[in-house]
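Novice: okay, predicted coordinates and the sequence, questions at the end:
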Amino acid sequence: MELIDMLGNASIAALLSLLVTLFPLAAGVAYVIRPTEQRLAMMRPISLAGLFAGLGGTMLGFMNVLRSFFINEPPPPARILAVGAAESLVTLFVAFGCLTVAWLCVAFGMRRHP
């Protein structure tokens, strides 16, 4: 399955949580380009928003997996539930990846900040 197809099948909440996880990365890149105290102060709340968006998207995915388990009779096979659980972890993986790169940008920008 291609990336565009997978994003097309994602819910609005999943897409929104993925979008919010990109904000810390953009803030980190902005800080490394031009380090200021104001941009550094914004990194903490933006990072928390990205972290909570990733956690929220993951929990929403697990809730959907559990819902499909309980509303289908007979319950879906374990393989389908495992794929759903794995897809639920995508938002958390993206969030942690973006946060890692963002804070590495901040660390690099701190060396340039007078």
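Specialist: The structure has been received and is ready for your questions.

Novice: what comes up buried for the biggest helix by length in the chain?
Specialist: Across the chain, the longest stretch assigned as helix under DSSP state H is helix 37-71. For helix 37-71, burial by neighbour count (16 or more other CB atoms under 10 Å) applies to 39, 42-43, 46-47, 49-51, 53-54, 56-58, 60-61, 64-65. C-betas here are computed from N, CA, C, even on glycine.

Novice: do stretch 86-102 as well
Specialist: By neighbour count on 16+ other CB under 10 Å, the buried set for stretch 86-102 is Glu87, Ser88, Val90, Thr91, Leu92, Val94, Ala95, Cys98, Leu99, Ala102.

Novice: that older thread, and the next helix or strand past the longest helix of the chain?
Specialist: Sequence order places helix 78-88 as the next helix or strand after helix 37-71, per DSSP states H and E.

Novice: beyond that following helix, next helix or strand please.
Specialist: Using DSSP H and E, the first helix or strand after helix 78-88 is helix 90-112.

Novice: just checking, Leu40 touches Tyr31?
Specialist: Yes - assessed by CB atoms under 8 Å, Leu40 is found in contact with Tyr31 at 6.3 Å.

Novice: overlap in contacts of the two?
Specialist: Taking CB atoms under 8 Å, 6 or more residues apart in numbering as the criterion, Leu40 and Tyr31 both touch Val106, Gly109.

Novice: for the residue nearest to the spatial centre of the chain, report the pLDDT, please.
Specialist: Nearest to the geometric centre of the chain sits Ala95, at 3.1 Å (CA atoms, centre = their mean). On the pLDDT scale, Ala95 is placed at 95.

Novice: what's it in contact with, if anything?
Specialist: Contacts of Ala95 (CB under 8 Å, 6+ apart): Ser17, Thr21, Gly50, Leu51, Ala53, Gly54, Leu55, Gly57.
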